[in-house]
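# Below are the sequence and a predicted model; questions follow.
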Amino acid sequence: MKNASKQDIEFVMIHIYHLDPRGTLTFEVFAPFFITHIGELGLSKFARQHSNQRSLNRDEFVLLFKVSYYILNVDRVSTRLL
């Protein structure tokens, strides 16, 4: 999302995350979409970098998870749990 324009972010916030006219979000609506989209963005980036690959091994999954969800401080999640 670093390269997204202000208009792109506003569109996502209003139409996908249901930002209301008061400028507030409902956590129960926002969180599942946010978590899903972060994962999709990470997987999409991985797929572009590994265009011939159709599966992930354990180490690649752990790296993808930790890189995609770094904003949620997932470095505290053990590799064993993942």
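Right, received. Where do you want to start? Residues are numbered from 1 along each chain as shown.

# biggest helix in this protein, by residue count?
If you go by DSSP state H, the chain has its longest helix at helix 27-49.

# Tell me which residues of that one come out buried.
Under the neighbour-count criterion of 16 or more other C-beta atoms under 10 Å, helix 27-49 has 30, 34, 38, 42, 46 buried. C-beta here means a position set from N, CA and C on the backbone, and glycine is covered the same way.

# for it, packing partners?
The helices and strands touching helix 27-49, judged by 3 or more C-beta pairs under 8 Å, 6 or more residues apart in numbering; DSSP states H and E, are helix 58-68.

# Just the residues contacting the helix it packs on, thanks.
Contacts to helix 58-68, defined as C-beta atoms under 8 Å, 6 or more residues apart in numbering, come from residues 38-39, 41-43, 46, 56, 74-75, 77, 79, 82.

# Can you dump the C-alpha atoms of it in CSV for me?
Coordinates of the C-alpha atoms in helix 58-68 are reproduced here as CSV (Å, rounded to 0.1, in the frame of the first residue of the first chain):
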residue,chain,number,x,y,z
ARG,A,58,7.2,-24.3,4.9
ASP,A,59,10.0,-21.8,5.0
GLU,A,60,8.6,-19.8,2.2
PHE,A,61,5.2,-19.7,3.9
VAL,A,62,6.7,-18.5,7.2
LEU,A,63,8.7,-15.8,5.3
LEU,A,64,5.6,-14.8,3.3
PHE,A,65,3.5,-14.6,6.4
LYS,A,66,6.0,-12.6,8.4
VAL,A,67,6.7,-10.2,5.6
SER,A,68,3.0,-9.7,4.6
